[in-house]
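Q: Any chance you could fold what I've pasted below:
(2 chains)
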Amino acid sequence: MDVMDIVIAADGIRDEEILDAEAAAGLWTEGTAPARRKRSARRALYVLLPAAAGIALVAGALGNMRMGSSGGASGSGAFSAPAATEEREYSEEIAPEAVPEKDADVKGAANAAGEMPAEAETGGADAAEGAFPEKTDGAVTAGGAVTTGGAAEGASPEAAAAQSVRMVFAGGKLYVEEGPADTLGCGTYDFTIERTVPETETPAEDFTANFAAEGGMYLDKDRIAVCADGSWYVFILKEQEVEK
Amino acid sequence: MNDNEIIDLYWARSERAIAETDIKYGSYLKAVAMRILAAAEDAEESVNDTYLRAWNAMPPDRPSVLRLFLGKITRRLSLNRLRAQKTAKRGGGVIPEVLDELSECVPSGQNVENEILARELAETIAAFTAGLPEDERRIFILRVYELMPVREIAERLSFSESKVKTTLFRTRKKLAEVLRKEGM
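A: Presented below is the predicted three-dimensional model:
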């Protein structure tokens, strides 16, 4: 068997699974490529409203932090709710004729991608991980308030706040997010994030994060900056954060 | 024009079917071919061959998702063209990278010439893919079926590149194990 045979044999992958992956990636729209444009727009909004999102995150973390608490399911629902608009928009654009035929499968895919918040609440870590970056979208949609836009609906305020805390374990220490660091641009890292755990979990191994982080640098003995999706965020040593 | 109308044109043996297919899916099919062949002329030929295959296949075929039906033809033709050119390792695009990654999954350098073996392999890959967790499945499909660069997968699925790479590494290990058990 040749390696090319495997690539060719990938043709055998079921249509509904290919459609699901394409929909998740916002691929092959029939007109333009809305997913990419929307993500670019989202990045612009990252720049405009990071302070509001950061303040809301830190406020939630200070008030109600419960590291590694259970209830990830409701967290995934919380974060995936704002993603619904985008997913629905390009799901409809992609092969509209295919959607009714693959209704059950597409529903399944959409559920994981956050299209149906009520069902997504039982989605678990996988759904949560995929939906996480949409969190800031939720903040933007809700006019800068992370916990609005359906984010906390159906979840207790404590659980929602606990799950919104982004954490990084680096150099044997646990750090929690303090807020955005606007003046830095992603460049050379002191360390890279090697593993990602579900957002409902607390990272416990070196260079692990509970969100899609890329790498970071040490700022001082208590603080690090972490780069995620092209922006830097300041993280503070957990003990320091609690004392505050 | 919607897909059913285009398929009706094929069934009516109207040459307008090709023109309408090109208008609706031409750029998509070129993109599929370009990912594999990384050469505009070759990609163009693959797309034209796709139209011919589609013309010959409909009727009797009546695909439920025309875009996937055409995309699979283009993909297969482009891969065969690439193999025929024996430029897989020298060519551009993502293919050499994907082939290098998958080389750890296969025990020998023999091609699957036999149609039955090829079909079995396709079924094994399909079953393997279906059994993967959702995120892993999407990443694997985007890499191996769509032949998408790691960076683009990460961007489109909002994951870090390292997560995508780690996931693909784990998936390849699982696939190697499945293929070994299946005696492939």
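
Q: What sits closest to the residue of chain B found nearest chain A if chain neighbours are left out?
A: Of chain B, the residue with the smallest distance to chain A, taken as Cβ to the nearest Cβ, is residue B:122 at 2.9 Å. Where C-beta positions appear, they are placed from N, C-alpha and C, glycine not excepted. By the measure of Cβ to Cβ, 6 or more residues apart in numbering or on different chains, the closest residue to residue B:122 outside its immediate chain neighbours is residue A:12, 2.9 Å from it.

Q: how about the helices of chain B, start to end?
A: When assigned using DSSP state H, the helices of chain B occupy the ranges B:3-11, B:16-37, B:40-57, B:66-85, B:95-102, B:115-130, B:134-140, B:150-157, B:161-181.

Q: how about those in TSV, adding mean pLDDT and mean neighbour count?
A: Shown next, in TSV, are those (pLDDT from 0 to 100; neighbours: other Cβ atoms under 10 Å in any protein chain shown):
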stretch	mean pLDDT	mean neighbour count
helix B:3-11	91	18
helix B:16-37	88	20
helix B:40-57	90	18
helix B:66-85	86	21
helix B:95-102	69	18
helix B:115-130	82	17
helix B:134-140	91	23
helix B:150-157	90	20
helix B:161-181	88	17
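
Q: nearest to residue A:232, of those helices?
A: Using Cβ to Cβ as the criterion, the shortest distance between residue A:232 and the helices of chain B is 17.0 Å, found for helix B:161-181.

Q: Let's verify the closest residue to residue B:159 other than its chain neighbours: helix, strand, or coil?
A: Nearest residue to residue B:159 in three dimensions, chain neighbours excluded: residue A:212, at 5.3 Å (Cβ to Cβ, 6+ apart). Assigned with DSSP: H, G, I helix; E, B strand; the rest coil, residue A:212 falls in the coil class.

Q: can you tell me how far residue A:212 sits from residue B:3?
A: From residue A:212 over to residue B:3 the distance is 36 Å, taken as Cβ to Cβ, to the nearest Å.

Q: got the domain boundaries for chain B?
A: B:3-85, B:95-181 (automatic domain parsing).

Q: Relative to chain B, which residue of chain A is the closest?
A: Going by Cβ to the nearest Cβ, chain B is nearest to residue A:12 of chain A, at 2.9 Å.

Q: and residue A:235, that's in a strand?
A: Yes - in this structure, residue A:235 lies within a strand as judged by three-state DSSP.

Q: returning to that earlier point: looking at the helices of chain B, which is closest to residue A:229?
A: Closest approach to residue A:229 among those is made by helix B:150-157 (9.1 Å; Cβ to Cβ).

Q: got the CA positions of the closest one in CSV?
A: Taking C-alpha atoms only, helix B:150-157 is exported to CSV below (Å, rounded to 0.1, in the frame of the first residue of the first chain):
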residue,chain,number,x,y,z
VAL,B,150,-2.3,22.8,9.2
ARG,B,151,-2.3,26.6,9.6
GLU,B,152,-5.5,26.9,7.7
ILE,B,153,-7.2,24.1,9.6
ALA,B,154,-6.2,25.9,12.9
GLU,B,155,-7.5,29.2,11.6
ARG,B,156,-10.8,27.8,10.3
LEU,B,157,-11.6,25.7,13.3
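
Q: What helices and strands are in contact with that helix?
A: When contacts are defined as 3 or more Cβ pairs under 8 Å, 6 or more residues apart in numbering or on different chains; DSSP states H and E, helix B:150-157 sits against helix A:15-25, helix A:34-48, helix B:134-140, helix B:161-181.

Q: count of residues packed around the residue nearest to residue B:159?
A: Neighbour count for residue A:212, taken as other Cβ atoms under 10 Å in any protein chain shown: 24.

Q: residue ranges with poor pLDDT in chain A?
A: For chain A, the stretches with pLDDT under 70 are A:1-3, A:28-164, A:182-187, A:240-244.

Q: ok, now with 80
A: Under the criterion of pLDDT under 80, the regions of chain A flagged as low confidence span A:1-9, A:11, A:26-164, A:181-189, A:229-232, A:239-244.

Q: was I right about residue B:3 contacting residue B:68?
A: No - when contacts are counted by Cβ atoms under 8 Å, residue B:3 is not listed as touching residue B:68 (10.5 Å).

Q: between the helices and strands packed on helix B:150-157, which gets nearest to residue B:148?
A: Using Cβ to Cβ and comparing those, the one that lies nearest residue B:148 is helix A:15-25, at 7.6 Å.

Q: Let me know the angle separating that closest one from helix B:115-130.
A: What separates the directions of helix A:15-25 and helix B:115-130 is an angle of 50 degrees, with axes from the mean of the first three to the mean of the last three Cα atoms, to 10 degrees.
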